[in-house]
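Asks: could you work out the structure for the sequence below:
(one chain, ligands or ions: 3)
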Amino acid sequence: MTAIQTFFLQGSVSTLLSSQSSVTSCRKVSVKFTVSCCSATSPLAVVNGNVEKRPSDRTEVRIGLPSKGRMAADSLDLLKDCQLSVRQVNPRQYVAEIPQIPNLEVWFQRPKDIVRKLVAGDLDLGIVGLDTVCEYGQGDEDLIIVHDALEYGDCRLSLAIPKYGIFENVNSMKELAEMPQWTPERPLRVATGFTYMGPKFMKENGLKHVTFSTADGALEAAPAMGIADAIVDLVSSGTTLRENNLKEIEGGVIVQSQAVLVAGRKSLMQRKGALDITHEMLERLEAHLRAVGQFTVTANMRGSSAEEVAERILSQTSLSGLQGPTISPVFCKHDGRVTANYFAIVICVPKKALYKSVQQLRAIGGSGVLISPLTYIFDEETPRWRQLLSTLGL
Ligand SMILES: Nc1ncnc2c1ncn2[C@@H]1O[C@H](COP(=O)(O)OP(=O)(O)OP(=O)(O)O)[C@@H](O)[C@H]1O
Ligand SMILES: O=P(O)(O)OC[C@H]1O[C@H](OP(=O)(O)OP(=O)(O)O)[C@H](O)[C@@H]1O
Ligand SMILES: [Mg+2]
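Replies: Ligands and ions are numbered 1, 2, ... in the order given. Here you go, the predicted model:
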């Protein structure tokens with residue numbers, strides 16, 4: 001059963017403390033619950049993870065990977081593509097290893113617990129959706145996004161309202177905020193699983209009379225059931241919203257999300273080996289993800305010299321490659337003489353521009369065009385690594 005629990009009382013959004021996050025401009029917002037729940041100030045507070053928020057004495061570095069949900073398999077696949085296969089002795093075990101990185105422990109956890117444990121210092125690194133970092137990290141300055149675009153889990157956290165009834169002509173957050181219907185007696189009722197980001201967003205958008213309720217799934221049904229006026233939930237293709245007669249509105253996207261590699265600042269600064277492991281993972285991820293979008297193209301081209309062939313290639317916009325073409329002479333024996341009338345060229349082209357590149361190659365005399373996938377592109381140093389060092393003040 002999915003019980004909708006009212007947790008947020010009308011007008012009780014209060015800003016407790018602000019902290020500029022390295023991730024988004026999340027600010028801490030207190031959430032008042034009418035159902036029993038842990039609270040940081042309660043003497044009986046239930047905490048998830050390391051109570052004292054200090055690095056423990058362990059010598060292993062730990063990374064958290066999603067144990068369930070759609071991110072779980074994709075995260076393992078990505079690591080495998082980076083030659084970092086996770087070896088799990090037993091699928092019921094929560095701990096595993098990556099043989100290529102001996103001092104790294106892999107812990108399978110629910111995405112929200114990965115973020116909580118990073119904050120608590122029980123994990124050092126994690127892979128989760130940015131939405132989960134924002135929701136459960138709550139603007140914690142110690143959470144650092146090491147890689148912000150792992151290229152799966154694309155979705156957005158959005159506010160959606162019905163297409164019908166009083167919302168028919170409401171198409172922006174401004175119009176929603178200006179609706180005369182919302183009063184202290186009859187506030188806008190929002191259903192969401194995002195009990196931190198939802199209230200924060202509504203407050204930032206000037207919506208004063210709002211109440212929130214929460215549920216574990218199928219939020220899109222709440223408006224039709226008469227339980228809520230609007231929802232704040234993840235949207236990817238938009239199919240679920242459409243099927244439920246709901247629409248997104250201008251200004252209603254709260255976070256654009258995809259899978260990210262996130263780390264705890266204290267871990268990176270204080271735990272032996274954590275920064276080196278992060279560097280290696282970042283390099284492998286960058287090298288793989290850069291390569292995924294590219295093909296290697298080789299072709300033969302008739303010409304009088306390598307320079308003359310290069311001039312022809314560089315005159316075409318889709319053929320410049322990563323750093324320009326590699327050109328090598330193809331030697332043939334003619335009438336007892338060794339000559340080079342043909343040149344082999346090698347370039348990298350973005351997958352999107354592949355056909356255009358082939359057309360341009362042919363147009364300048366290219367033949368025998370071979371296309372192969374690229375596995376890795378290692379650059380001199382990744383910009384994300386420099387960015388990380390600067391975020392850490394190193
Ligand atoms: N429809 C979607 N398409 C793409 N990515 C999504 C979608 N829904 C969620 N995500 C991303 O995947 C992450 C995990 O979502 P998912 O629903 O698979 O797992 P979960 O939230 O752990 O499971 P559950 O919804 O059963 O509690 C989300 O935090 C978000 O970043
Ligand atoms: O825009 P769409 O492509 O339709 O995807 C959006 C849906 O995906 C997620 O649900 P999920 O599939 O995780 O089910 P859940 O509600 O059980 O979490 C999310 O909560 C939306 O309901
Ligand atoms: Mg889900």
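
Asks: how much space separates the closest residue to P373 other than its chain neighbours from A353?
Replies: In this structure, P373 finds its nearest non-sequential neighbour in F295, 6.3 Å apart by C-beta to C-beta, 6 or more residues apart in numbering. In short, each C-beta sits where N, CA and C put it, glycine included. For F295, the distance to A353 equals 9 Å [C-beta to C-beta, to the nearest Å].

Asks: swap in G365?
Replies: Using C-beta to C-beta, G365 is found at 19 Å from A353.

Asks: which strand residues bridge the residue in the stretch 251-394 of the chain that ligand 1 sits nearest to?
Replies: Residue nearest to ligand 1 within the stretch 251-394 of the chain: S257 (4.8 Å; C-beta to the nearest ligand atom). For S257, the beta-bridge partners are C155 (DSSP bridges).

Asks: neighbours around it, how many?
Replies: By other C-beta atoms under 10 Å, the residues close to S257 number 21.

Asks: touching, it and E135? I think so.
Replies: No. S257 is beyond contact range of E135, at 10.0 Å (criterion: C-beta atoms under 8 Å).

Asks: which residues touch the residue of the stretch 251-394 of the chain closest to ligand 1?
Replies: With contact set as C-beta atoms under 8 Å, 6 or more residues apart in numbering, S257 has these partners: 129-131, 153-157, 234.

Asks: and the helices in the protein?
Replies: 70-81, 111-120, 130-137, 173-177, 197-204, 222-225, 239-243, 265-270, 274-292, 306-314, 354-363, 383-391 (DSSP state H).

Asks: indicate whether the shortest one makes contact with ligand 2.
Replies: What that stands for is helix 222-225. No. Using C-beta under 6 Å from any ligand atom, helix 222-225 never reaches ligand 2; the gap is at least 11.4 Å.

Asks: if I look at the one residue in the stretch 201-350 of the chain that gets nearest to ligand 1, how far off is ligand 2?
Replies: Of all residues in the stretch 201-350 of the chain, S236 sits closest to ligand 1, at 3.2 Å by C-beta to the nearest ligand atom. As for S236, its distance to ligand 2 is 3 Å (criterion: C-beta to the nearest ligand atom, to the nearest Å).

Asks: can you check P111 too?
Replies: On the measure of C-beta to the nearest ligand atom, P111 and ligand 2 end up 11 Å apart.

Asks: ditto for R312
Replies: 46 Å.

Asks: chain neighbours aside, what residue packs nearest to that residue?
Replies: Using C-beta to C-beta, 6+ apart and skipping residues adjacent in sequence, the residue nearest R312 is I364, 4.5 Å away.

Asks: and for M197?
Replies: In space, M197 is closest to E135, 5.2 Å off (C-beta to C-beta, 6+ apart).

Asks: report how many residues lie close to the one you found.
Replies: Neighbourhood size, E135 [other C-beta under 10 Å]: 24.

Asks: surely it touches K112?
Replies: Yes. If you go by C-beta under 8 Å, E135 and K112 touch, sitting 7.4 Å apart.

Asks: tell me, what's the model's pLDDT at the residue of the stretch 201-350 of the chain closest to ligand 1?
Replies: pLDDT, S236: 98.

Asks: just E204 next, same as before
Replies: Looking at E204, its pLDDT reads 95.

Asks: do S42 as well
Replies: 44.

Asks: and R384, by the same measure?
Replies: 96.

Asks: quick one, what contacts it?
Replies: Applying C-beta under 8 Å, 6+ apart, the residues near R384 are 146-148, 282, 286.

Asks: would you confirm that R189 contacts S213?
Replies: Yes. Counting by C-beta under 8 Å, S213 is a contact partner of R189 at 6.7 Å.

Asks: still on that earlier bit, who's more crowded, F295 and A353?
Replies: Comparing F295 with A353 by other C-beta under 10 Å, the one with more neighbours is F295, at 19 against 15.

Asks: OK, contacts around the more buried one?
Replies: For F295, the contact set (C-beta under 8 Å, 6+ apart) comprises 348-351, 354, 371-374.

Asks: which bits of the stretch 251-394 of the chain sit near ligand 1?
Replies: S257.

Asks: low pLDDT regions in the stretch 251-394 of the chain?
Replies: Where the stretch 251-394 of the chain drops to pLDDT under 70, the residues are 320-322.
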